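Student: I need the structure of the sequence given here:
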Amino acid sequence: DGGSAVCLSIKGNSTTIWDPTDTSKKRTFSYDRSFNSIDSTAGDFSDQSAVYNEVGLPTLEQAMKGYNTTVFAYGQTGSGKTYTMMGHENASLNRGKCTAMEDLPQEVGVIPRFCIDLFSRIETQCQKNVTISHRVDSVYYEIYNDKVHDLLDSGSSRTYKVREHPKHGPYVEGLQHCQVKTYADIAKLLKRGSRDRHTARTNMNDVSSRSHAVLELILTTSKFDAES
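Tutor: Numbers count the residues shown, from 1 in each chain. Below is the predicted model of the structure:
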């Protein structure tokens, strides 16, 4: 589209890139997993659900067991980090009413899929075992020029410090925690916080985000004695 040329190929877990002006200049990189999202007609094409099943689902399963888990997207401007994590804006932030995985548009990314899957599993688990309750809290912040800003504290110029808890590890002190009960709640927080992210022009993107954004979900599970 737009006169652009394909300059990479995926084969197994290897990605090969080349100079469009000189295809003899190629470099191949090997990864634990390479996703082919170039040609939707290819037999090994990976859509957003395939990426979630490979990356997000194992992370969620471990989180439900009580482990700390992280999904980290890294890459240069325009490489697809936002698309991978959120999908197209119209398919993600504005579709907060989706409550089941099968309701999600194909273009939805890892975060919406993770959240909806999380709340679905919580609901199922609570129906099966009335002695278990779950609470989910969310924080949303950015790291910009080595300073932490709370994206849920709109208009504030306050910066926050990173502390080390002897049991729970690193955390950011003083961030605003919001209880969330559905993906719609999280979608509202994401939309609200994204408006305050630092952006600046780059050679590749007029409105590139110049910060590292972190969405943190804290799952607290409580068990009680049904006879008491």
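Student: Output the longest helix belonging to this protein.
Tutor: Among the segments of the chain that qualify as a helix by DSSP state H, the longest is helix 110-128.
Student: Now the element after it, going C-ward?
Tutor: strand 132-144 (DSSP states H and E).
Student: This structure: strands as residue ranges?
Tutor: For the chain, the strands defined by DSSP state E cover 8-11, 14-19, 22-30, 132-144, 147-150, 162-165, 169-172, 178-180, 199-200, 208-209, 212-223.
Student: Going by neighbour count, list what's buried in the fifth one.
Tutor: Of the residues in strand 147-150, those buried under the neighbour-count criterion (16 or more other Cβ atoms under 10 Å) are 148, 149, 150. All C-beta atoms are positioned from the backbone trio N, CA, C, and that covers glycine.
Student: tell me the contacts of the residue nearest to the first one when sequence neighbours are not counted?
Tutor: When you say that, I think you mean residue 148. The shortest distance from residue 148 to any non-neighbouring residue, by Cβ to Cβ, 6 or more residues apart in numbering, is to residue 160 (4.3 Å). When contacts are counted by Cβ atoms under 8 Å, 6 or more residues apart in numbering, residue 160 is found next to 141, 148, 149, 150, 172, 173, 174, 175.
Student: Report the beta-bridge partners for the first one.
Tutor: Beta bridges link residue 141 to residue 150, residue 214 when assigned by DSSP bridges.
Student: Can you give me the distance of it to residue 87?
Tutor: 22 Å (Cβ to Cβ, to the nearest Å).
Student: Same check on the fourth one?
Tutor: Separation of residue 150 from residue 87 (Cβ to Cβ): 25 Å.
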